[in-house]
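Q: Turn this into a model:
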Amino acid sequence: MAPRSTRRDVVAALAAGAPVGVAATRAAPADETTASGKWAQFQYDPANTGHAPDAWGPAWDVTERWSTNTDSTGLTSPAVVDGTIYAGDGDGTVYAYDGRSGDRTWTYELDGRVTGSPAVVGGIVYVGSDENYLYALDAASGTEQWSAWTEAPIQAAPTVANDRVYVGNGYDGTFFAFGATTGNRNWTYDIGDKLTTAAAVDGETVYVTADGAIDAFDAISGEHRWVNNRVGDVGIAPAVHDGRVYLGNRDGVVLALDASNGDHLWSFETGDTIQNTVAVGRGNVYVGCDDNKVYALAADTGDQQWVFETGDRVSTAPVLAGGTVYVGSYDNKVYALDAASGDLKWEREGPVIDSAPAVVYGDLYLTNSGGNVAALEPASTPTPGGTPTPSENQNGTPTPTPGGKQTSTPTPQANNVGGDGGLSLGAILSTFGMVLVIVFLAVRQLVGD
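A: Reported below is the predicted structural model:
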């Protein structure tokens, strides 16, 4: 195990001009943590992007397939893997539900509350408790595989990458990397401040926010790479994408930092506190805010692309799948927004959703602090020839958006397939004409011979 280091040691070294290493950000390999058909951990992947690029959810209309109540409080955001939904609660119970039927598969009682979302990788459910332990449970049965002492309560969701589980404790500020198979400590680092948010891992760099600062470490060795303590009052997990780290703070400012050294790239000021992790994908950063608005900002510049206003404060981190942004609000609604324009696709009223949703195989899975679990599915399948969802690479006629910007709506292309799946009349006549020409030429050739 590497010796324990502290952030303050590194800050002192920086002040003295001592080198502490430069991050070499590499893309994370495609593996089961981001496989299609899975929402394996908080905000989809180890980088907390909230973007499932190969997934799709209810985009046209939505209906509830099932819902249930756990008779508990404080359900975490769900993880969904191999058709099973996993979540923990404030009573210390970990739940597994069948995604199709809503039937409860198993439960496991921990000694303390669960406040961070489970991570489910390699057939193992990883979850922390406020009784100072990180647990590994068999995903199929709920049987405990191992537990690891964390010295203080775990309030954050664990992040799984590089065959390691990364998590910090909530009181004394120690950050851990445990072996995913054994639970053995690989390394620790004393940040010195409460760690209540999930780490983000991009390749072999891990990013951690705490008490007005963000730290970057070598994910394998634990070597401290850089710290930026000019990010304001940060209370949310960072998201990392394409060489940038994105985060919001309680002052309502969205920040983009260079992932390799922590340098400030751009900032954007919203109208109120940002209490949930941002989502990143399709060239934008999506931000939910206490000013009742969802913002889309250009990921490279921070320019506002559009803004959508809900009926109350935004209650969840946004998530993105199939060109649709899903987000909850304290107005008791879940919203589906067009990712390119911000236009409303649908909204559904129900119990307040205050945990980030998960999107898998066309379904939207929801949990909340009241103990509710629900599965939403498309109410109908859109017919061919309907209005397509704009993508970031399509061109067409500019259309006004809620934020006053203009985006492009593609012109639908002609469809030569009939509504019943058969060939159109024009196609049949064209084919018949070609046959007649071929027969005529063949007969003339025979006569000529």
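Q: Residue 244 reaches residue 259, doesn't it?
A: Yes: under the criterion of CB atoms under 8 Å, residue 244 makes contact with residue 259 at 5.8 Å. All C-beta spots, glycine's among them, are computed from the backbone N, C-alpha and C.
Q: ok, and for stretch 140-150, which residues are buried?
A: Under the neighbour-count criterion of 16 or more other CB atoms under 10 Å, stretch 140-150 has 142, 145, 146, 147, 148, 150 buried.
Q: and if you look at stretch 70-83?
A: For stretch 70-83, burial by neighbour count (16+ other CB under 10 Å) applies to 70, 72, 74, 75, 76, 77, 78, 79, 80, 81.
Q: Tell me how many other residues crowd residue 263.
A: Using other CB atoms under 10 Å, residue 263 is surrounded by 10 other residues.
Q: what do you get for residue 44?
A: Around residue 44 there are 28 other residues, counting by other CB under 10 Å.
Q: quick one: residue 145 from residue 131, how far?
A: Using CB to CB, to the nearest Å, one obtains 18 Å as the distance from residue 145 to residue 131.
Q: So residue 373, which state does it fall into?
A: strand (DSSP: H, G, I helix; E, B strand; the rest coil).
Q: wait, isn't it in contact with residue 357?
A: No: taking contact to mean CB under 8 Å, the distance of 11.2 Å between residue 373 and residue 357 leaves them out of contact.
Q: Name all residues that sit in contact with those two at the same time.
A: Contact with both residue 373 and residue 357 is made by residues 78, 365, 366, according to CB atoms under 8 Å, 6 or more residues apart in numbering.
Q: one step back: wait, which of the buried residues of stretch 70-83 is closest to residue 294?
A: Closest to residue 294 out of the buried residues of stretch 70-83 is residue 77 (17.6 Å), distances taken as CB to CB.
Q: what residues are up against the closest one?
A: When contacts are counted by CB under 8 Å, 6+ apart, residue 77 is found next to 42, 87, 117, 157, 317, 355, 356, 357, 358, 367.
Q: Tell me the one among those residues nearest to residue 379.
A: Of all the contacts of residue 77, the one with the least separation from residue 379 (CB to CB) is residue 357, at 17.0 Å.
Q: can you count the residues close to that closest one?
A: Taking other CB under 10 Å as the neighbour definition, residue 357 ends up with a count of 27.
Q: shouldn't residue 295 be in contact with residue 289?
A: Yes: taking contact to mean CB under 8 Å, the distance of 6.7 Å between residue 295 and residue 289 places them in contact.
Q: and residue 210, how far is that from residue 277?
A: 15 Å.
Q: Compare the two and say which is more crowded by neighbours.
A: residue 277 (29 against 21).
Q: How many neighbouring residues does residue 301 have?
A: One way to gauge burial is a neighbour count; for residue 301, by other CB under 10 Å, it gives 11.
Q: Go through the shared contacts of residue 373 and residue 357 and flag which are in helices.
A: For those, membership in helices holds for none, with DSSP state H as the criterion.
Q: Please flag which of the residues you listed sit within strands.
A: When DSSP state E is applied, the shared contacts of residue 373 and residue 357 are split such that 365, 366 fall in strands.
Q: Among residue 244 and residue 259, which residue is more densely surrounded?
A: For residue 244 against residue 259, the residue with the higher neighbour count under other CB under 10 Å is residue 259, and the figures read 28 against 21.
Q: wait, what's in contact with the residue positioned nearest the centre of the chain?
A: Centre of the chain computed as the mean C-alpha position; nearest residue by CA atoms, centre = their mean is residue 50, 1.6 Å away. Residue 50 makes contacts with 43-44, 239, 277-281, 286, 317-320, 356, as judged by CB under 8 Å, 6+ apart.
Q: are any of the residues you listed buried, and which?
A: Members of the contacts of residue 50 that pass the buried threshold by neighbour count (16+ other CB under 10 Å) are listed as 43-44, 239, 277-281, 286, 317-320, 356.
Q: Just name the closest of the buried residues of stretch 140-150 to residue 93, please.
A: When the buried residues of stretch 140-150 are compared for distance to residue 93, the smallest value, 10.3 Å, is given by residue 142; criterion: CB to CB.
Q: and the closest one, that one's in a strand?
A: No: residue assignment for residue 142, taken from three-state DSSP, gives coil, which places it outside any strand.
Q: Tell me which stretches of the stretch 1-150 of the chain form helices.
A: For the stretch 1-150 of the chain, the helices defined by DSSP state H, counting those that start in this stretch cover 7-15.
Q: now swap in the stretch 301-449 of the chain and tell me
A: Counting by DSSP H, counting those that start in this stretch, residue ranges of the helices within the stretch 301-449 of the chain are 425-448.
Q: At which residues are the strands of it located?
A: 304-309, 319-321, 324-329, 333-338, 344-349, 358-360, 363-367, 372-378, 397-400, 406-409 (DSSP state E, counting those that start in this stretch).
Q: For the second one, the averaged confidence score.
A: If you average the pLDDT over strand 319-321, you get 97.
Q: for that strand, packing partners?
A: Applying 3 or more CB pairs under 8 Å, 6 or more residues apart in numbering; DSSP states H and E, one finds that strand 319-321 makes contact with strand 51-52, strand 279-281, strand 324-329, strand 358-360.
Q: any chance of these in CSV, with distance to residue 124 and mean pLDDT too?
A: Compiled in CSV, those are given as follows (distance: least, CB to CB, whole Å; pLDDT from 0 to 100):
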stretch, distance to residue 124, mean pLDDT
strand 51-52, 21, 97
strand 279-281, 26, 99
strand 324-329, 27, 98
strand 358-360, 18, 97
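Q: Export the ones you listed to TSV and append columns for distance to residue 313.
A: Putting these into TSV (distance: least, CB to CB, whole Å) gives the following:
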stretch	distance to residue 313
strand 51-52	23
strand 279-281	17
strand 324-329	7
strand 358-360	21
